[in-house]
Structure formats: C-alpha cells, structure tokens
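Undergrad: Sequence and predicted model, in that order:
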Amino acid sequence: MSANFKAYLMLTLCAFFWSGNFIVGKFATLYQVPPLTLNFFRWLIVWIILIPFTFKDIFLNIKIIKEKFYSILLMSITSISIFNSVVYYSLNFTQVLNGALMISTIPVLIIFISFIFRVEKINLNQVLGLILSITGVVIIITQLEFSRLIHLDLNKGDLWLLVAMLSWAIYSTMLKTHKTGLNYLTFISVIVTLGLIFLFPQFLFEFNNQELIKFNFAFILIISYVVLFAGLGAYIFWNKAVLIVGPSRAGIFLHLMPVFSSFMAIFLLNEKLMNFHIFGAIAIILGIYLSSRKKSLS
C-alpha cells in the first residue's frame with residue numbers, strides 16, 4: 001500500500017468523522033449542551049488520554065517547542081480554540097447543511113492562504129475557483145435573497161462559520177509551512193495543551209452564565225464521539241496525511257463532507273434540501289474543480 005493511498009484513506013475517514021461531528025454538534029444544541037463547554041471538555045479528555053504517552057517526548061523536544069513556540073501557538077489557537085468552538089456555537093443558529101457546504105470551501109481558501117504565505121503560486125483557474133466558491137457561500141448565507149447583504153440581515157451562525165473556515169485554512173497551511181519535526185501525537189498534545197489555556201476562559205464564560213452540562217447518557221454519547229472520532233482519530237489522520245500529500249491536495253477531501261453531512265442531516269435530522277443549497281453547491285463544486293486544475297494555466 002503506497003504512502004499516498006494511505007493518506008487518501010486517512011483523509012476520507014477525516015471527512016467522514018468531521019461530517020459526523022456536525023451532526024453530533026447539532027444534537028448537542030438539541031440536548032442543550034453548551035457549545036464552548038463541550039469543546040473544552042472534548043479537548044481536556046483528549047489531553048488526559050494523550051499526555052501519559054507523550055509527556056516524555058515533549059520534555060525531550062522542549063528546545064524545538066520553544067524555538068517554534070509562536071507558530072505552534074497560532075496553530076493551536078486556530079485549530080483547537082477557534083475552529084471547534086465556533087462550529088459548535090454556529091450550529092445553534094444554522095442548519096448542518098449550511099455548515100457542511102460552507103466548510104467545503106476551505107480547500108479553496110487553503111490555496112489562497114498558501115499563495116499569501118508563498119507556499120504555492122496561484123493561477124487564473126484558482127482565482128476563478130475562489131470567486132465561484134465565495135459566490136456559492138454567498139448564495140447559501142443569503143438564501144438567494146441578495147438584499148440581505150445590503151441590509152446585513154444574515155444568519156448569525158453562517159457568519160460565524162466564515163470565521164471557522166478561515167481559521168482552519170490558516171491551520172492547514174501552517175502544518176506544511178511551519179513543520180516542527182515533532183512526532184504527530186506529541187504535536188497534538190502540545191497544541192491541545194496550549195489550546196486548553198484559551199478554552200478555559202470560554203468554559204468559565206458559559207459557567208458564569210449558568211450554561212451547565214447535564215451529565216446524562218446523551219452527553220456521554222456526544223462527548224465520546226467528539227473525543228474519539230472527531231478529535232483524536234481525525235486530527236491524527238489529518239496531520240499525518242497533510243505531511244504526506246500537502247495541504248492543498250489534502251484539502252480537496254473536505255469536499256466529501258457536504259456529501260456525508262447532507263445525507264446524515266436529511267435522514268437523521270430531517271433537514272430539508274432547499275434550492276439555495278443546490279445552487280450554492282453547484283457554484284462551490286465548480287470553484288473546487290477550477291481550483292484543482294493547477295497545471296492547466298500558470
């Protein structure tokens with residue numbers, strides 16, 4: 001089995017696990033699980049699981065961690081502290097279908113961010129792809145009522161998802177541009193450790209506002225999924241795969257998410273597929289297609 005094939009398999013599983021994360025995140029809102037608190041406990045449990053196996057390696061590589069501290073810190077904030085909290089929070093206000101379709105534009109954003117960081121050159125196809133993908137997102141957040149842009153009458157959840165999209169694009173690009181040389185489990189332990197520092201105030205904010213978790217069977221199922229599959233499994237697979245095939249090629253697999261998530265949302269949550277979803281998806285798919293044709297124009 002080639003390294004590339006293994007990477008593609010891991011990326012497919014990532015897309016599946018993260019698609020399920022949208023569904024579980026939506027169930028969390030239905031069972032009144034506070035989103036920021038959910039993210040804090042998610043990564044706290046991941047840290048508890050990983051640290052016995054990684055703390056020795058962390059201390060052995062403390063010099064590397066100090067040298068690359070600021071880049072590691074930014075990767076921690078964008079992935080652990082911002083992306084996950086924002087996604088869970090946004091699902092209180094928007095459909096899973098909206099979230100999955102919008103998140104699927106991240107690969108195009110990765111290409112754009114890679115260009116800004118001078119990791120890759122950008123060509124006309126990629127520029128057109130970026131424009132089409134953004135058009136698809138606009139269609140979804142306005143629901144084909146473009147006057148909403150003028151009156152700023154937009155869904156709060158969709159607007160927060162824009163923050164999540166940019167955050168993950170930056171993280172994925174930095175995985176390639178700021179390699180640490182750390183073992184992937186050690187790297188995850190480090191970014192989770194730093195991420196928890198910024199997640200704790202989020203937890204305190206909800207706690208002080210009496211947004212408390214009810215430790216029942218539903219919460220146990222939700223936290224188990226986000227820890228084992230959307231947390232540990234997906235992050236390990238994603239980080240390993242990006243190092244093999246690069247952020248742009250890895251990002252393409254995120255386009256499987258709206259496929260997985262759409263079926264899950266329709267059949268598990270009874271969400272309705274509307275015209276604006278279809279038109280937005282067509283624009284996004286065309287944008288993705290153009291963005292992936294890197295060698296046709298330069």
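TA: The structure has been received and is ready for your questions. Numbering: from 1, shown residues only.

Undergrad: Which parts of the chain are strands?
TA: Secondary structure of the chain (DSSP state E): no strands present.

Undergrad: Could you pull up the residues touching the residue nearest the centre of the chain?
TA: For the chain, the residue nearest the mean C-alpha position is Trp168 (5.2 Å; C-alpha atoms, centre = their mean). By C-beta atoms under 8 Å, 6 or more residues apart in numbering, the contact list for Trp168 reads 78-79, 83, 103, 106. All C-beta spots, glycine's among them, are computed from the backbone N, C-alpha and C.

Undergrad: Please apply the same query to Gln143.
TA: 274, 276.

Undergrad: Swap in 7 Å and give it another go.
TA: Going by C-beta atoms under 7 Å, 6 or more residues apart in numbering, Gln143 touches Phe276.

Undergrad: how close does it get to Thr78?
TA: Distance, Gln143 to Thr78, by C-beta to C-beta, to the nearest Å: 29 Å.

Undergrad: show me where pLDDT drops low in this protein?
TA: Within the chain, the stretches with pLDDT under 70 are 117-122, 146-154, 248, 291-298.

Undergrad: hmm, which of the contacts of Trp168 are the buried ones?
TA: Among the contacts of Trp168, those scoring as buried are 78-79, 83, 103, 106 (criterion: 16 or more other C-beta atoms under 10 Å).

Undergrad: List just the nearest of these to Trp18.
TA: Relative to Trp18, the closest of the buried ones among the contacts of Trp168 is Ile103; by C-beta to C-beta it sits at 8.1 Å.

Undergrad: Now do the contacts for that closest one.
TA: Taking C-beta under 7 Å, 6+ apart, we find Ile103 in contact with 161, 165, 254, 257.

Undergrad: Is it correct that the last one is in contact with Met102?
TA: No: the pair formed by Met257 and Met102 falls short of the contact definition of C-beta atoms under 7 Å, at 10.1 Å.

Undergrad: and the closest residue in space to Leu13 that isn't next to it in sequence, how many neighbours does it have?
TA: Spatial nearest neighbour of Leu13, chain neighbours left out: Phe237 (5.7 Å); criterion: C-beta to C-beta, 6 or more residues apart in numbering. Residues near Phe237, counting by other C-beta atoms under 10 Å, number 22.

Undergrad: Contacts only, for Phe237.
TA: By C-beta under 7 Å, 6+ apart, the residues touching Phe237 are 10-11, 13-14.

Undergrad: Let me know whether Thr105 touches Leu132 as I believe.
TA: No: Thr105 is beyond contact range of Leu132, at 9.6 Å (criterion: C-beta under 7 Å).

Undergrad: hmm, back to that, among the contacts of Ile103, which are in helices?
TA: Among the contacts of Ile103, DSSP state H puts 161, 165, 257 in helices.
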